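K.L.:
Curious how this folds, go ahead:
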Amino acid sequence: MFGTFRKHQNWLWAVIIVVIVISFVIYFSPNVGPGRGGGGRRVSSELGSIDGQPITIQDYYEASRETQLLYFLNFQKWPDNDERARQMGFDVDNEAKMRLIRIAKIKAEKIAISDETVGELARRLLGPKVPLDAFVKEILAPHGLTEQDFERFLRNDAAIQQLGSVAGLTGRLIPPREIEASYRDEHQEAALDVVLFNTSNYLSSVTVSEPALLAWYSNNAALFRVADKARVCFVEFAASNFLAEVDKRLTEITNLNAQLEEVYSKKDPESFKDDDGKVLSKAAAIEKIKNTERKHMAMPFAEKKANEFAGALYDEKQHRVENLEKLATAQGYKTRVTAPFDEENGPQDIKVSDEFARTAFALTNKDEAIAFKIIRGEEGCYVFALKEIIPSYAPKFEDIRAKVVERYRFAEAQKLARQAGIVFQTSATNGLAHGKTFTQVVTESSLKATALPPISRGARDVELPESLYLPQVKNVAFGMEPGKASPYIPSMGGGYVLYLRSLLPIDETKMKADLPQYAATIRGQRQNEAYGMWFRREVERADVPALRPTSRSSAPPRQAPPTRPKQRS
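P.N.:
Down below sits the predicted model:
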């Protein structure tokens, strides 16, 4: 299928080198192979059906590979080794099932993509300097993907784009008059003044009496209750333990220095600084780039070891914290116990994400106390078990009196700010109704008004006072009439009153120049919305179990046994 493509492959290696540098961590990952990513699940044999046609293991396997390849082509990293995938909630299993539905619709609509089109897409994607053979060997093969996977991905993705164009066609049918009206609505600007009532300005007016303080504390005692806390026993698989293995792999890259130089040349030299903020020399900056990559590359090795340990732990008959401690001792690993931490803040003695605390607090049964989900931190990977939950309790007033006083004063200052804001808003409404200007009302109230930059409904980046939230200001402003004042609006820092001086006229010349691109954007958005609505209906009709599974019991099939154990429910 790539015959024509191959005739034009007398290209240089420049681009492929860049790709390898960007995804260095992946290229040398010790746990490469088909089907990894998005949680390490294994696929069930009951895959369901779409439009009455059963989904085969092979169908699912191919969709999973294509999903991982799509992620790589977007982010230059594979989803199983990219922290962004975890942060975004990217789930290979779920996305593969979604792709299966799209592919089924392609077949139903008999959308065919020619070999010539596939070859052209490959040329555009890889660029004029990347040989297909090199891309397959250096990028796809280490992750168990083949040239056939790449070709099938291109063909299916082109067909999916065509499917989206057809299914969302109705969204593009927008009359020019409606587009112009939408442009005017989105771009018309409001000229605004604001009077701020910051809580901090009223703190000095608050007096604290013991009876009032105790009464307020009695009504708000729940604010000071100490939350449940957990202690967990964990084994850390530090990435630093695998730097020697990484260095060994790095020696295999014959043009490593050239690759590092390429990374350096693509960034502003001023962005490379030492711990004191001083700009590094080129040599020092390149060394810093190398050390950063070494740490990143070591993490998959740590994760592999953590997986092996968790797998052995899962095979134990009991899943108690004692089993983790016993196995760690037997395998020569050191266990540590965290200081007590709550779910909101997490442990402070190790550098981990919020996921660590969430996982810990989900472990409530002492017989299922082990978290088999591998948690990555800044320094390595962690396998842990719940040691104990320390129940919530209410501290004595005497022990937290200073904190109570601080919260009380802030709450009272908020009340004073609100009262002042409401008094002013009433004065402004009455004054404006009797022909006074807003400036006169503000002056008579011994306050200060601030003129805001012009704001439109479509504004995304407007410099406002710190206590103002742009979406809220837009919502209030465009619900007002010119020459009127808003009600008192509470905000994070206290509150404010807006005054709409006028709605500014549209710049007709600019609108005329902007309309073609604006129309294309609006039609594209409407097309995507129409396609999204159609696709949601198709998902509801499809008989595909667990489009977002909650257990760890399903994943793309592998050619080797999975190293990550599933979570028992």
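
K.L.:
what's the neighbour count on the closest residue to L500 other than its chain neighbours?
P.N.:
Leaving aside its sequence neighbours, L500 sits nearest to M480 (C-beta to C-beta, 6 or more residues apart in numbering; 4.5 Å). Every residue, glycine included, has its C-beta placed from N, CA and C. M480: 17 surrounding residues under other C-beta atoms under 10 Å.

K.L.:
M480 and P487: what is the separation?
P.N.:
10 Å (C-beta to C-beta, to the nearest Å).

K.L.:
ok, A159 touching I106?
P.N.:
Yes. Taking contacts as C-beta atoms under 8 Å, A159 lies within contact range of I106: 4.4 Å.

K.L.:
anything in contact with each of those two?
P.N.:
Here A159 and I106 have no joint contacts, going by C-beta atoms under 8 Å, 6 or more residues apart in numbering.

K.L.:
buried sites along stretch 251-261?
P.N.:
Neighbour-count burial for stretch 251-261, counted by 16 or more other C-beta atoms under 10 Å, picks out 253, 259-260.

K.L.:
Just those: which are in helices?
P.N.:
Using DSSP state H, the subset of those located in helices is 259-260.

K.L.:
so, if you compare the buried residues of stretch 251-261, which one comes nearest to P128?
P.N.:
Distance to P128 across the buried residues of stretch 251-261 (C-beta to C-beta) is lowest for Q259, with 19.8 Å.

K.L.:
how close does the closest one get to I253?
P.N.:
7 Å.

K.L.:
and what of P453?
P.N.:
For P453, the distance to I253 - C-beta to C-beta - is 51 Å.

K.L.:
ranges for the strands of the chain?
P.N.:
49-50, 53-54, 189-198, 229-238, 335-337, 370-376, 380-390, 450-451, 455-456, 489-491, 494-503 (DSSP state E).

K.L.:
any chance of these in a markdown table, plus distance to N81, mean pLDDT and mean neighbour count?
P.N.:
What follows is the strands of the chain, written out as a markdown table (distance: least, C-beta to C-beta, whole Å; pLDDT from 0 to 100; neighbours: other C-beta atoms under 10 Å):
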| stretch | distance to N81 | mean pLDDT | mean neighbour count |
| --- | --- | --- | --- |
| strand 49-50 | 30 | 80 | 18 |
| strand 53-54 | 33 | 82 | 12 |
| strand 189-198 | 46 | 97 | 21 |
| strand 229-238 | 15 | 95 | 22 |
| strand 335-337 | 26 | 96 | 16 |
| strand 370-376 | 10 | 88 | 22 |
| strand 380-390 | 12 | 94 | 22 |
| strand 450-451 | 49 | 96 | 12 |
| strand 455-456 | 42 | 96 | 19 |
| strand 489-491 | 42 | 94 | 18 |
| strand 494-503 | 46 | 96 | 21 |
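
K.L.:
Out of those strands, flag the one nearest T443.
P.N.:
The nearest among the strands of the chain, by C-beta to C-beta, is strand 189-198 at 11.3 Å.

K.L.:
Give me the contacts around the closest one.
P.N.:
So strand 189-198 is in contact with 417-418, 420-421, 424, 438, 442, 447-452, 454-456, 465, 467-468, 473, 477-478, 488, 493-504, going by C-beta under 8 Å, 6+ apart.

K.L.:
picking that back up, list phi and psi for the residue nearest to L500.
P.N.:
Here is the backbone geometry of M480 (degrees, to the nearest 10): phi -110, psi 160.

K.L.:
So for the closest residue to A221 other than its chain neighbours, what pLDDT did the model give?
P.N.:
Spatial nearest neighbour of A221, excluding adjacent residues (C-beta to C-beta, 6+ apart): A394 at 6.3 Å. Looking at A394, its pLDDT stands at 93.

K.L.:
same deal with the one 3 residues further on?
P.N.:
F397 is assigned a predicted lDDT (pLDDT) of 94.

K.L.:
Burial check on the nearest residue to it once chain neighbours are set aside, number of neighbours?
P.N.:
Excluding the flanking residues, the one nearest F397 by C-beta to C-beta, 6+ apart is Y217, at 6.3 Å. The tally of other residues near Y217 (other C-beta under 10 Å) stands at 18.

K.L.:
And D315, by the same measure?
P.N.:
If you count neighbours by other C-beta under 10 Å, D315 ends up with 9.

K.L.:
What of D115?
P.N.:
Neighbours of D115 using other C-beta under 10 Å come to 14.

K.L.:
And it, how far from E481?
P.N.:
63 Å.

K.L.:
The closest residue in space to E147 that isn't next to it in sequence - how many residues pack around it?
P.N.:
Spatial nearest neighbour of E147, excluding adjacent residues (C-beta to C-beta, 6+ apart): V136 at 4.8 Å. Neighbours of V136 under the rule other C-beta under 10 Å: 17.

K.L.:
ok, now which ones touch R184?
P.N.:
506, 511.

K.L.:
Please disregard the earlier target; I meant P487.
P.N.:
Contact partners of P487, counting by C-beta under 8 Å, 6+ apart, are 425, 497.

K.L.:
Who are the contact partners of I179?
P.N.:
I179 makes contacts with 515, 518-519, 522, as judged by C-beta under 8 Å, 6+ apart.

K.L.:
Roughly how far does it sit from G164?
P.N.:
Distance of I179 to G164, computed by C-beta to C-beta: 21 Å.

K.L.:
same deal with E444?
P.N.:
60 Å.

K.L.:
go on, K317?
P.N.:
Remark: distance between K317 and G164 (C-beta to C-beta) = 51 Å.

K.L.:
Please identify which of the two sits among more neighbours.
P.N.:
More crowded of K317 and G164, by other C-beta under 10 Å: G164, with 18 against 5.
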